[in-house]
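# Turn this into a structure:
(chains A and B, ligands or ions: 3)
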Amino acid sequence: MIKEDTRADVRERPRIGVYALTSCYGCQLMMATVSDILEVANVFDIRCFYMVSSASTMDEEVDIAFVEGSVSTEKDLKEILEIRKNCKTLVAMGACAVHGGVQSWAEGNLSYDEIYEEVYGDDKIDMPGLQAAPISQYVHVDYSLPGCPPEEDEIMYFLTTFLVGSFPEQKDYPVCAECRTTGNPCILIESNVPCLGSVTTAGCGARCITFNVPCIGCRGPVPHNTAWFDALATVFKKRGFTEEFVRARLKIFAAHNKNLDKMLKKAFGGDK
Amino acid sequence: MTDKIVQSIDIDHVARIEGKAGIEVHFDGADVKIAHVNIFEGPRFFEAITVGRPVEEAVAVFPRVCSFCAAAHKITAVLAAENALRIEPTEQTTKIRELCYLGDHIESHALHLFFLALPDFLGFPDAFSMGKVHKDLIKTAIALKDIGADIQTVIGSRYIHQENVLIGGFGRLPSRRNMEGLATRLKGLFNMAEDALEVLVSFPNWSEVEGERLHLALRPVGEEYGVFGDTVEATDGTKFKTHAYRMRIQELVIPHSFAKHSRYQDRTFVTGALSRVTLFGDLLSGRSKELVEMYSDFLDPNNPLANNFAQAVELVHWIRRAHTIAFDLAKSMRDESRVEYKLGKEQSGVAVTEAPRGMLAYTIRVDSKGVITKSDIITPTAMFLPVMEEDLKRLTAALLNVGTEKEEIAQKLQTVVRSYDPCVSCSVHITDVE
Ligand code: SF4
Ligand code: SF4
Ligand code: SF4
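Ligands and ions are numbered 1, 2, ... in the order given. All right, here's what the predicted structure looks like:
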């Protein structure tokens, strides 16, 4: 089933695997459709990428594993443990893997059983499900590639650093910074819309704001202990957005983030 | 002496489809006992987690059901929300949305045909190795995928999870120049759009998998082959208004999957490109109409493999239709602000559209504070899964009868599953059980 590649350099090419847990397949689709994909397929030895290749297996060792999706079933859990065992470097790819994704939105509000009942009623399904969680809840994650989905240039940056034997650095500043370099007017201030850019990790070039659409935080909260967030976060309160409203909105993509409350306190507490 | 041992074919993970599914077939001699498509994709409970949240946030979350048809989910959810809020989009908004939606169809069909389906027919494990031998084919694949993706990016902000498709309209409208650029590129792709068909005409459908089936599709508005409509028609001559879909389409919970199975008047049914061409192929025009007439043998409504062919025909049509819309918008686009809504009493809204894989239905109920109190989604994959299982059963039996090896049967079963272009992530997003 595995393609036999007899070229001499095949051993030197870093082996990568792309795996999916519970997800929308968007991160993988992004990776499969980067404009240099044919080049990527040449310089890496892709051992597992079920979405695009039937020459894929789960139980092979790879140098770098890119994992998409949250742990939402017992099967996901078994697989992530196996992937961790089989890889040297593990990258959590996308909001689902990094933060638990939109499927974690109800985290802390509803239990798995309550959510299950809303959707399936009393009927039973053979497969055991779990409350959706980021993969870091179960295994060590070496690098996180944020975004829902991640940006093409960032995927390429990660791949390139691995190719040259280096490692990717994470962005630690908020989307507001990119708004300024792009020259966008601040829509939180000018149009009074609940833009989450001040507390969201940059890297998308302030994509939504350039379309005059408020950031909903798909790249996840700015990492703790670094920039934290932009001073604009204190504007929420002045503009009449309550702490509860902003918390619920932040939870779309950051339900499992431990610093959420600290962050909100800082944004809402200090402003009289 | 008869062989009493029940044998099985187990495929853990069908490659080259969207999502995680396996195939499990049990047979005794040539008597096939069970043919299951096991859905391993975990549930993401979109209908439960959006309850209690502002409708604006919920419509931002819905496209995350599935990346291959993110625009389909976004646009359908927005239409259902607008229906619940009792507002109508402007004519221009509808036109831009249709173009965005066609971008999704073009991207999705191109990915499915060239990256997922064709490698089977040409004998490769994936498009990368196929591309080493068939260089032109992979060039076409990328050009078509790119134009589909770029249409969605120009209009929706990106091609997976478009944020610039909003209730009432758009945050920012694309410019006339944008539209002109798209129109020019689309025109340049008219010929390439036929490349998938050209490959497929060398591969007749397998008769072993043939079996009668009921097709459902949305009658397009304006009598022009398209994605929007308000009446569903079936090949048995019946029809119903989309607002009644929850009455007409029943959903069952099945132990071997997080995806529910659908029934129409107690019958299993299919939906998708083949259903659209079967029911409304006469509304195609120009080149695609010519092609449908030329190759009608390949479009057998009772053969699931014909769905590949139907998608390839649609690709030809969508590229031309997208060109017409973009060309028109390049001249007519004018500045327009979003239609505003007033919150009133609690009401439900419904929308059904034709997504790349078939009918997609949304019901959204919004209360007087703009908060969701109920949502219901039925996806095409959930609709056609039961028929897919019947096909696998029929095919296995036919192949066992002529002594085909298990290995080969397993390959063929996967090819049939792929021809449906199932979207497993979609299928597990599930409606509620009352
Ligand atoms: S992070 Fe977003 S794009 Fe990636 S799998 Fe999850 S929902 Fe899809
Ligand atoms: S709050 Fe939003 S609009 Fe304002 S600068 Fe930050 S990202 Fe830009
Ligand atoms: S602006 Fe916010 S929501 Fe939009 S892409 Fe960037 S991080 Fe995601």
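
# Looks to me like A:Asn184 is in a strand.
No. A:Asn184: not assigned to a strand; according to DSSP: H, G, I helix; E, B strand; the rest coil it is coil.

# who are the neighbours in contact with it?
Residues counted as contacts of A:Asn184 (CB atoms under 8 Å, 6 or more residues apart in numbering or on different chains) are A:206, A:209-210. Placement of C-beta: from N, CA and C, glycine included.

# Can you turn the buried part of those residues into a ChimeraX selection?
Buried residues within the contacts of A:Asn184, by 16 or more other CB atoms under 10 Å in any protein chain shown, are selected in ChimeraX with:
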select /A:206,209,210
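
# what's the closest of the contacts of A:Asn184 to chain B?
Chain B lies nearest to A:Thr210 out of these, by CB to the nearest CB, at 7.7 Å.

# What residues does that closest one make contact with?
A:182, A:184, B:157, B:172.

# Equivalent analysis for B:Phe309, please.
With CB under 8 Å, 6+ apart, B:Phe309 has these contacts: B:197, B:200, B:205, B:274, B:295, B:298-299.

# run the last query once more with 7 Å
B:200, B:298-299 (CB atoms under 7 Å, 6 or more residues apart in numbering or on different chains).

# Just the element for it, please.
Assigned by DSSP states H and E, B:Phe309 belongs to helix B:306-332.

# Go ahead and measure how far that helix is from the middle of the chain.
Put simply, helix B:306-332 sits 15 Å off its chain's centre (CA atoms, centre = their mean, to the nearest Å).

# quick one: buried residues of the helix or strand just after it?
Of the helices and strands lying after helix B:306-332 in sequence (DSSP H and E), the nearest is strand B:347-355. Neighbour counts over strand B:347-355 (16+ other CB under 10 Å) mark B:348-355 as buried.

# what about residue 132, neighbour count?
As the question left the chain open, I've gone with chain A. As a burial measure, A:Ala132 scores 32 neighbours (other CB atoms under 10 Å in any protein chain shown).

# wrong one, chain B
13.

# so where's the stretch 1-150 of chain A shaky on pLDDT?
A:1-11, A:108-112, A:115-116, A:118-128 (pLDDT under 70).

# Could you pull out the strands in it for me?
Secondary structure of the stretch 1-150 of chain A (DSSP state E, counting those that start in this stretch): strands located at A:15-20, A:45-49, A:62-68, A:71-73, A:87-93, A:129-133, A:143-145.

# Among the ones you listed, which comes closest to ligand 1?
strand A:62-68 (5.0 Å; CB to the nearest ligand atom).

# near chain B, anything from the closest one?
No. Strand A:62-68 stays clear of chain B (CB under 7 Å from any CB of the partner chain), getting no nearer than 9.9 Å.

# strand partners of that strand, parallel vs antiparallel please.
strand A:15-20 (parallel), strand A:87-93 (parallel) (DSSP bridges).

# Is ligand 1 within reach of the shortest one?
It stands for strand A:15-20. No. Judged by CB under 6 Å from any ligand atom, strand A:15-20 stays clear of ligand 1, getting no closer than 7.7 Å.

# what residues does that strand touch?
With CB under 7 Å, 6+ apart, strand A:15-20 has contacts from A:28, A:31, A:44-49, A:51, A:62-69, A:79, A:83, A:87, B:20.

# for the last one, same thing?
Contacts made with strand A:87-93 from outside it, assessed by CB under 7 Å, 6+ apart, are listed as A:17, A:27, A:62-68, A:84, A:98, A:135-136, A:139, A:141-145, A:150, A:158.

# at 6 Å what do you get?
Applying CB atoms under 6 Å, 6 or more residues apart in numbering or on different chains, the external contacts of strand A:87-93 come out as A:27, A:62-68, A:84, A:98, A:135, A:141-145.

# Can you say which of these are buried?
Buried members of the contacts of strand A:87-93, scored by 16+ other CB under 10 Å, are A:27, A:62-68, A:84, A:98, A:135, A:141, A:143-145.

# count of neighbours near the closest residue in space to A:Phe236 that isn't next to it in sequence?
Closest residue to A:Phe236 apart from its sequence neighbours, by CB to CB, 6 or more residues apart in numbering or on different chains: A:Val246 at 5.4 Å. A:Val246 has 22 neighbours, counted by other CB under 10 Å.

# so A:Val246 makes contact with A:Val235?
No. At 10.9 Å, A:Val246 does not count as touching A:Val235 under the criterion of CB atoms under 6 Å.

# measure stretch A:159-177 end to end?
25 Å (CA to CA, to the nearest Å).

# distance of A:His256 from B:Thr93?
37 Å (CB to CB, to the nearest Å).

# er, B:Phe128 actually
From B:Phe128 to B:Thr93 the distance is 40 Å (CB to CB).

# sorry, back to before: can you flag which of the contacts of B:Phe309 belong to helices?
Those of those mapping onto helices are B:Leu200, per DSSP state H.

# Which residues are in contact with the residue of chain B found nearest ligand 3?
Using CB to the nearest ligand atom, the single residue of chain B nearest to ligand 3 is B:Glu163, 5.5 Å away. Contacts for B:Glu163 (CB under 6 Å, 6+ apart) come out as A:208, A:213, B:157.

# try 10 Å this time
With contact set as CB atoms under 10 Å, 6 or more residues apart in numbering or on different chains, B:Glu163 has these partners: A:207-209, A:211, A:213-216, A:218, B:60, B:63, B:74, B:156-157, B:171.

# swap in B:Glu98?
By CB under 10 Å, 6+ apart, the contact set of B:Glu98 is B:75, B:226-228, B:321-322, B:325, B:353.

# Save those as CSV, and put in pLDDT and distance to B:Gln7 too.
Converted to CSV, these look like this (pLDDT from 0 to 100; distance: CB to CB, whole Å):
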residue, pLDDT, distance to B:Gln7
B:Ile75, 98, 46
B:Gly226, 96, 47
B:Val227, 98, 44
B:Phe228, 98, 48
B:Arg321, 97, 48
B:Ala322, 98, 49
B:Ile325, 98, 53
B:Thr353, 98, 43
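
# Near ligand 3, list only the ones from the residues you listed.
Counting by CB under 6 Å from any ligand atom, no member of the contacts of B:Glu98 reaches ligand 3.

# what stretches of the stretch 1-150 of chain B score poorly on pLDDT?
For the stretch 1-150 of chain B, the stretches with pLDDT under 70 are B:1-5.

# Tell me which residue in it sits closest to ligand 1.
Distances between the stretch 1-150 of chain B and ligand 1 by CB to the nearest ligand atom are smallest at B:Arg64, namely 4.2 Å.

# Would you check how far apart that residue and ligand 2 are?
B:Arg64 sits 21 Å away from ligand 2, going by CB to the nearest ligand atom, to the nearest Å.
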